Every structure is written in C-alpha cells, then in structure tokens.
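Engineer: Just a sequence and a predicted model for now, questions to come.
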Amino acid sequence: MSLSSGPVLIVGSLAYDSVRTPFGEATDVLGGAACYASVSASFFSPVRLVGVVGDDFSYDHVAQLAHRDIDLQGLQRAPGKTFRWAGYYEYDLNQAHTTATELNVFQHFRPDLPEAYRDTPYVFLANIDPALQLSVLDQVRRPKLVACDTMNFWIENARDKVLEVLARCDIALMNDAEARQLSGRSNLIAAARHVLNLGPGVVIIKKGEHGALMVSHNSYFAAPGYPLEEVRDPTGAGDSFAGGLIGHLARCRATDDQALRRAIICGTVMASFAVEDFSLRRLFRLTPEEIAERYHELITFTRFEGL
Ligand code: AMP
C-alpha cells in the first residue's frame, strides 16, 4: 500500500450468514456487504468502516477486521442481534436464493460519522437500506468519488430511496438481474444506459462468472471473469469486487477511464478469491503477491493483436 493512498469510507451490512451451496454449507459465519468490501479494499487502501453489530458479534471477528488495519471508530455495537442473512445456491451459482433476511440491529441504526471520517475522499455505499446510504452521504463533505451498490431486496422494498441514492452517485454497481429489475429492460447495454440516465456517470454491471461491463456516456469496457475451476461459495463476490475497485481508485487517487479499467480488473481478482471458500476465509489468508499474480494473468488472458 502506498503511504499516500486516499482512505475509503465504507458503509453497509455486517452480518452472520447461513449459506448452502452444492459444495457445502456454513451456519452463522461472518459476512455482510461491508465486511467483504472492507477486507477486500484494505489490500489497496486504508478503510474506515461504518455499520452496526449486535451484542452477539464476536470479539474475534472485530479483531480480524482490526488486524486488516480497518478503522472501526464508525462501527457501533447495539443491544440486540447482528443482521442475519440466509440463502442457498443451486448449480447456477450466479443466482442467490434468499430464505431469510433479519435486519435486527439495522432496524434502529442511525449512522453517526466520527468527525475524522467526514472528509473521506472515496465513499462506497455497500448494500444496506438506501435510507442509511443517504444518511451517510448527508454527513460526508465533498467526497471525490461516491460508488454505490444495491440488491433486489431494496429495489423491491425501497425503490424511491434507491433512485435517490443513484442520483447522488458517480459509480453505480449492480448485478445483471438487478440492472434488469431496476430498468425494466432485458438487454444489459440498454439497462446500463437507463441507469446512466438516473444520475451516475459510470454504471458497472457484474455478471458473476461471466465478468463485468462498464458503461459510461462515452466509453465501454468488458472484463471476463477470472477462469476459476473451483468455486465453493459465491456469497460476497460482488462486495469483494466493489472493495477491490474502490480500493484501487483510492490508492491511485484517480478516476479516469484507464484507472477505472484497472480498478475493474482489481475487483475481478478480489471476487475470484472471495468465492474460493465460505465466508471471508480466503480473503483473510490472501497475500498481495497472489493478487498481483492474478492481475497479470488477466492481462495475458485478454490481450490480442490487431488484424
Ligand atoms: P453479494 O453476494 O456480494 O451480493 O453479497 C452477499 C452479502 O450481502 C451477504 O454476506 C449478506 O450478509 C449481505 N446481504 C444479503 N441481503 C442483504 C440486504 N438485504 N441488505 C444488506 N446486506 C445484505
């Protein structure tokens, strides 16, 4: 990490997840959009985390996050249970089936940013109630870049607030199904154009193992998925992608087209590691050398000559 890396502020869910895939299952394991995104971003840039956990949240998990040098001043501990998500995947690992979403302590959470966080230049609004994402945006002063993510649950249950968030963001991230749901268009390029017209200058559509697309008013970029042969649990892929993306932009303090393309490859690499094991296990044992190796492999896999 370079000493001049810009810090990244991340707000979103911290969770205990119960997940079943065709390759195994895990109960009440550490998860949540903000956890995956923060740990992933921490390989590139200092991270300031905003969120809430319940009194059942293990101190070992707090220590694991702190060990990645994530600033936890903005993490509240409230009476009650930590947010819980339960779901399963069938052989199509791109499709998560939710069986339970328990908001628990998130129901009464009001983010209150520590003064030291309010000038953070890079902000990532990870998946959580869009009203909370808006409250964080109201508290930061002139960030250089705001990226946001959402999911079907909030598009269905809080569509107007999701639209308000999009209108205030520079980069919108979503998966293919969410882009279709939000825009009412089946073609992904048309869906991306629709989302661009809602406010963000850049739309990034994640297509699971098939990679990611970036669309802006004057540019287009497509990245393949990293060709992994063994995926155990796709949970957190999108959040790890987002963490790598915003972490890279903060590290190089740039938001131009070339920086965005590199950032998408960083995101692709981080997602590829996250899915190799359940929960954040693979991310917690990842090294910067492994990240660099996959980044270079992706350059080789996508380079071709002119005619
Ligand atoms: P991803 O697989 O990257 O889309 O995100 C998975 C993470 O999102 C899981 O660890 C869940 O805890 C978290 N999650 C699931 N549903 C929600 C929700 N409605 N709001 C916020 N986070 C959620």
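Structural biologist: Now that the structure is in, tell me what you want to look at. Numbers count the residues shown, from 1 in each chain.
Engineer: and the stretch 1-150 of the chain, which residues reach the ligand?
Structural biologist: By C-beta under 6 Å from any ligand atom, the residues of the stretch 1-150 of the chain that approach the ligand are 13, 15, 17, 31-33, 85, 101, 127-128. Where C-beta positions appear, they are placed from N, C-alpha and C, glycine not excepted.
Engineer: Which members of these are positioned in strands?
Structural biologist: Within these, residues falling in strands by DSSP state E are 15, 17, 31, 85, 101.
Engineer: Nearest to Ala242 among these?
Structural biologist: When these are compared for distance to Ala242 (C-beta to C-beta), Gly31 comes out closest, at 14.6 Å.
Engineer: Quick check: chain neighbours aside, which residue is closest to the closest one?
Structural biologist: Leaving aside its sequence neighbours, Gly31 sits nearest to Asp17 (C-beta to C-beta, 6 or more residues apart in numbering; 3.4 Å).
Engineer: Now the phi/psi pair for the residue nearest the centre of the chain, please.
Structural biologist: Centroid-nearest residue in the chain, with C-alpha atoms, centre = their mean: Asp239, separated by 2.5 Å. The phi and psi values for Asp239, taken as degrees, to the nearest 10, are phi -70, psi -40.
Engineer: Now name the helix or strand holding the nearest residue to it once chain neighbours are set aside.
Structural biologist: Nearest residue to Asp239 in three dimensions, chain neighbours excluded: Tyr36, at 3.6 Å (C-beta to C-beta, 6+ apart). For Tyr36, the element it lies in under DSSP states H and E is helix 33-41.
Engineer: thinking again about what came up before, and the gap between the residue nearest to Asp239 and Ala223?
Structural biologist: 19 Å (C-beta to C-beta, to the nearest Å).
Engineer: and what of Ser42?
Structural biologist: Look at Ser42 and Ala223: by C-beta to C-beta, they are 22 Å apart.
Engineer: now do Thr99
Structural biologist: Applying C-beta to C-beta, the value for Thr99 to Ala223 is 31 Å.
Engineer: More neighbours: these two, which one.
Structural biologist: Neighbour count, other C-beta atoms under 10 Å: between Thr99 and Ala223, Ala223 has more, with 22 against 10.
Engineer: Can you give me every residue that contacts Tyr89?
Structural biologist: Tyr89 sits next to 19-22, 95-97, 233-234 when contact means C-beta atoms under 8 Å, 6 or more residues apart in numbering.
Engineer: mind listing which of these are in strands?
Structural biologist: Counted as lying in strands by DSSP E, out of the contacts of Tyr89, are 19-21, 97.
Engineer: my read: Gln181 touches Ile155, true?
Structural biologist: Yes: taking contacts as C-beta atoms under 8 Å, Gln181 lies within contact range of Ile155: 5.3 Å.
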